[in-house]
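Model the structure of this input:
(2 chains)
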Amino acid sequence: MNFYEHQDRAERRTKIIVFLFVLAVLCIIAIVGVPIGLATEWSPGAISITVVSCLLIVGIATAIKLSQLRGGGQVVAEMLGGTALQREGSDQAERRVQNVVEEMAIASGMPVPPVYLIEDDGINAFAAGWSTNDAVIGVTRGCIDQLNRDELQGVIAHEFSHISHGDMRINIRLIGVIFGIMVLGITGWILVRYVGPAILHSSARSRSKEGAGGAGIGLGIILFGLFLALCGGVGTFFGRLIQAAVSRQREFLADASAVQYTRNPLGIGGALRKIGGMTPLKHVSSEVGQCNHMFFSQAMNAVFASHPPIKERIARVEGIDSGDLVGVDEAQHTGTGPVAGVGVAGFTAAAVRNSVAHNDDVGIQHILLAKESLRSIDASIQVALQSGWSARLVMFALVATDSSQAQQALAKLLSVEELAEFRGIYSLVEKTDPAARLPMVDLAAPALRALSKEQLRTFHQTLVSLVKSDGVVDRFEWVLLSVLQKHTSTTFGDLKIKTKRHPLSSYDSELGVVLSTLAYCGTNNLEEAQRAFIVAVEKLGVSHQIVDASSCTMNHVHGALKKLRQMKFTDKGLLIEACELCVTHDGYVTVVEAETLRAIGDILDCPIPMFVE
Amino acid sequence: MNYESAQTLAIGGTIITVVVIVGFVLILTVFIIGIYNGLVGLRNRVKNAYAQIDVQLKRRYDLIPNLVETAKGYMKHESETLEAVIQARNQAVSAASTASQDPTAAGAIQELAGADGALTGALGRLMVVMEAYPDLKASENMMQVQEELTSTENKVAFSRQAYNDTVMGYNDKREMFPSNVIAGMFGFAFAQSWELDDEAARDVPKVSF
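Next up, the predicted model:
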């Protein structure tokens, strides 16, 4: 199964989970409804109000939580008490984890996720977010201090698997629904503890007729509160059960992927062994209960484990029998056997084709290549990319290469200090290999996301006016703009995309625009472009004429891609494959073609791994 | 109206009151929790925005002893000015470490802003004195330290702006109805933005080496 199928499956699985939760809530309501019905001799008013208020509470609470979580991974990480790690000023261990994350992200063609650190001595990690664009990775202090580089790489690869398999999205929704059910319990508790007694108290003081009624109301409220609290308990029980059932299998898959990404079972295995001897997280905020299922190893001693037993995970990863693992915590590396269920992909010569077709198979080659391309970026540019102030200047420099108008425009837009720094950066960027341009943009993502809304707005304005300064939006400028917009802001609308189940053919004109643009990208010859276009269209199985170059402006492509974002992931996969055919049909891939392909993948939330020869 | 039907009516009335009260409490609870979590989220964002400044400040404070060491070799008779810089730097370091514990604590940011402003002032005076030592100004080492210091100060200014934006978002939410009620109930303190006082603000351009 590849990336696209996993994503589609994740969508479907979410629906099943939501259905199960609804079922659980209905059961709860039935449990409350029956005693109330008996007490009121089945008065329709009382029963219907009970049912409606239960539904309302769970619904509203879930909606509120989800709306908060719309902010994405960052919000979740902050909720769990994490602080964003930064390059400058971080110690050796912190820098190492950031390096590992960067390599993995560049290798798999995702924007580099910010790393959040949770001050806790336990070894744990999580990934959170709606899509690859707002994903964050969280690690505990124990994780970065106690694991060696290989083990850390294993853990980070495991989290990346959660990102690319769409697990994060399920997880974040689970947080919302579990919260909704928990609120039911909390409300019940408030009724029992405060509201009921208060009414009883006040009615005891007033000895009038209404006083007696008040006592009845007070008692009624306490009883009702007890029921709600009970329901909350039962609901949480069901919630945890579902949470556990869903996430256990995903953990095995993520472990297997970690081995596949790093080709090193000892890394993730060693990490699990170290965890085997560790105690659960201690000083984490009270929010952990809702988020249990997203951690690397279980964060709390819940009755229902959301993660499989460590021993079994080690056994599967290292391909040994779990019975042999008596002294797990002694951290002795024993087995190096083959890993069950992991398809080892060989890489053929057609690099792009490979990356697209085996999208999911990010391997050690990708990581090595990522390391290499990171090395080709000058050290001082790398430093500049880590702080918002100078990362902006690097982005300006990328746009300003080969454009004297842009440079003139910049002289007006920037302050004296910025201009001084910009000149230094520009001379370095100019010398950098064009193939490293996009990795630079990826690297800048965490720093740029830390800007305030105000700063981000000015940044975008400046960038857009730069791009427009010479009157045309060239391909790279479009790539840069759209990738940056995607990574840093919400100009693409919701981070959550509403997937529509329309057939591929209903996107006919949009597909035509995107593929035509790509076809024109590689050549100046119309016939050549036509051939590339036809190859691509045949792959999709739609019939279409190549769109005139005049209606393939970047604006058109942008609009088309915005619509195409709603496609099913399997259709997106098909489109990406068609794009790949279009790009490779003449056997030669230019940097511009490769970058455009990456940008298209990026906008469609389909990360395309680095092209490995 | 006979006795029984009167009783049923009374029971019915009680039930409706119970249900109405319960419904009201339910909605209120959800509402309060939502606002509370929103406030916590914004406060965390303030802390994270402060962490951005903190990193750059630390870098700045680490560079200053370097600068002073280099200057010492050339300036034999200006120990007072150099001493003042070091002292201001040490004060700023301690203010920064207090602020990084909890940037929303009362007075923490104000104190840091004051200490950092004083440091900027002391640096400004050092730069004026340095005019009399052309050898020092031209030294490779000095130019490098100054270059890094300028760059760091620019970054500080930029992350300070981000911090102030974030603080404004939090304070707005804290003061607006109805979230101000919840903020008062759970003690969400006012967060101080980092304002440059006039003197410090005037001093900044002087440090354009």
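
what about the residue nearest to residue A:96 when sequence neighbours are not counted, how many neighbours?
Nearest-residue entry for residue A:96: residue A:149, 6.4 Å, with adjacent residues in sequence omitted and distances by Cβ to Cβ, 6 or more residues apart in numbering or on different chains. No exception for glycine: its C-beta is placed from N, CA and C like everyone else's. Close neighbours of residue A:149, defined as other Cβ atoms under 10 Å in any protein chain shown, add up to 12.

Residue A:149 and residue A:372: what is the separation?
According to Cβ to Cβ, to the nearest Å, residue A:149 and residue A:372 sit 17 Å apart.

Equivalent analysis for residue A:86, please.
Separation of residue A:86 from residue A:372 (Cβ to Cβ): 25 Å.

same check, this time on residue B:92
Note on residue B:92: its distance to residue A:372, by Cβ to Cβ, is 41 Å.

quick one: which of these two has more around it?
Neighbours per residue, other Cβ under 10 Å: of residue B:92 and residue A:372, the larger number sits with residue B:92, 25 against 13.

Strands of the stretch 451-600 of chain A, residue ranges please.
With DSSP state E, counting those that start in this stretch, there are no strands along the stretch 451-600 of chain A.

no no, chain A
With strands called from DSSP state E, chain A shows them at A:83-84, A:115-118, A:125-128, A:136-140.

To chain B, which of those lies closest?
Closest to chain B of the strands of chain A, according to Cβ to the nearest Cβ: strand A:83-84, at 5.5 Å.

So is the closest one next to chain B?
Yes: Strand A:83-84 reaches chain B (Cβ under 8 Å from any Cβ of the partner chain) through A:83, A:84.

Who does that strand pair with, and is each partner parallel or antiparallel?
Strand pairing for strand A:83-84, determined by DSSP bridges: strand A:115-118 (antiparallel).

now the strand it pairs with, how far from the chain's geometric center?
Here strand A:115-118 is found 15 Å from its chain centre; the criterion is Cα atoms, centre = their mean, to the nearest Å.

show me what contacts the residue of the stretch 251-400 of chain A found nearest chain B?
Per Cβ to the nearest Cβ, residue A:389 is where the stretch 251-400 of chain A lies closest to chain B, at 3.8 Å. For residue A:389, the contacting residues are B:154, B:155, B:157, B:158, B:159, by Cβ atoms under 8 Å, 6 or more residues apart in numbering or on different chains.

could you point out the longest helix in chain B?
helix B:3-74 (DSSP state H).

Report the inter-axis angle for the helix or strand following that one versus helix B:3-74.
Using DSSP states H and E, the helix or strand that follows helix B:3-74 towards the C-terminus is helix B:79-101. On the basis of axes from the mean of the first three to the mean of the last three Cα atoms, to 10 degrees, helix B:79-101 is oriented at 160 degrees to helix B:3-74.

Show me what helix B:79-101 is packed up against.
Counting contacts by 3 or more Cβ pairs under 8 Å, 6 or more residues apart in numbering or on different chains; DSSP states H and E, helix B:79-101 is packed against helix B:3-74, helix B:108-130.

Buried by neighbour count: which residues of that helix qualify?
B:81-82, B:84-85, B:88-89, B:91-93, B:95-96, B:98-100 (16 or more other Cβ atoms under 10 Å in any protein chain shown).

what do you get for stretch A:133-153?
Neighbour counts over stretch A:133-153 (16+ other Cβ under 10 Å) mark A:133-144, A:146-147, A:150-153 as buried.

rewinding a little: relative to residue A:179, which of the buried residues of helix B:79-101 is nearest.
residue B:100 (31.2 Å; Cβ to Cβ).

residue contacts, that closest one?
Contacts of residue B:100 (Cβ under 8 Å, 6+ apart): B:50, B:51, B:54.

Compare those and tell me which has the most neighbours.
Going by other Cβ under 10 Å, residue B:50 tops the contacts of residue B:100 with 28 neighbours.

pLDDT score assigned to the residue lying closest to that residue once chain neighbours are set aside?
In space, and not counting its chain neighbours, residue B:50 is closest to residue B:103: 3.8 Å by Cβ to Cβ, 6+ apart. What the model reports for residue B:103 is a pLDDT of 82.

Correct me if wrong: residue B:103 contacts residue B:47.
Yes: assessed by Cβ atoms under 8 Å, residue B:103 is found in contact with residue B:47 at 6.0 Å.

So the two - more neighbours on which side?
Taking neighbours as other Cβ under 10 Å, residue B:103 and residue B:47 compare with residue B:103 leading, 24 against 20.

isn't there a strand covering that one?
No: Residue B:103: not assigned to a strand; according to DSSP: H, G, I helix; E, B strand; the rest coil it is coil.

Give me the nearest residue to the residue of the stretch 401-550 of chain A found nearest chain B, chain neighbours excluded.
Nearest residue of the stretch 401-550 of chain A to chain B, counting by Cβ to the nearest Cβ: residue A:452, 3.5 Å away. Excluding the flanking residues, the one nearest residue A:452 by Cβ to Cβ, 6+ apart is residue B:165, at 3.5 Å.

OK, contacts around residue 103?
Assuming you mean chain A. A:367, A:370, A:371, A:374.

right idea, wrong chain: chain B
Counted by Cβ under 8 Å, 6+ apart, residue B:103 has contacts B:46, B:47, B:50, B:109, B:191.

How much space separates it from residue A:388?
Counting by Cβ to Cβ - residue B:103 and residue A:388 are separated by 18 Å.

helices and strands of chain B: which one bottoms out on pLDDT?
When each helix and strand of chain B is scored by mean pLDDT, DSSP states H and E, helix B:198-203 comes last, with a mean of 48.

make that chain A, sorry
That would be, for chain A by mean pLDDT, DSSP H and E, helix A:351-357 at a mean of 47.

Distance of the closest residue to residue A:556 other than its chain neighbours relative to residue A:129?
Leaving aside its sequence neighbours, residue A:556 sits nearest to residue A:513 (Cβ to Cβ, 6+ apart; 5.2 Å). According to Cβ to Cβ, residue A:513 stands 29 Å off from residue A:129.

So for the two, which sits in the more crowded spot?
Just comparing residue A:513 and residue A:129: by other Cβ under 10 Å the higher neighbour count belongs to residue A:129, 26 against 23.

Report how many residues lie close to residue A:81.
20.

Would you agree it is in contact with residue A:118?
Yes: with contact defined as Cβ under 8 Å, residue A:81 reaches residue A:118; the gap is 5.9 Å.

so where's the stretch 1-150 of chain A uncertain?
Low-confidence segments of the stretch 1-150 of chain A (pLDDT under 70): A:1-7, A:10-11, A:14, A:32, A:87-90.

any idea where the helices of it begin and end?
For the stretch 1-150 of chain A, applying DSSP state H, counting those that start in this stretch gives helices covering A:3-39, A:44-69, A:73-79, A:92-108, A:141-146, A:149-164.

how about the second one: buried residues?
Buried positions in helix A:44-69, judged by neighbour count with 16+ other Cβ under 10 Å: A:46-47, A:49-51, A:53-54, A:57-58, A:60-62, A:64-66, A:68-69.

Now do the contacts for the nearest residue to residue A:422 once chain neighbours are set aside.
Closest residue to residue A:422 apart from its sequence neighbours, by Cβ to Cβ, 6+ apart: residue A:393 at 4.8 Å. By Cβ under 8 Å, 6+ apart, the contact list for residue A:393 reads A:384, A:418, A:421, A:422, A:425.

Fine, thanks again, bye for now.
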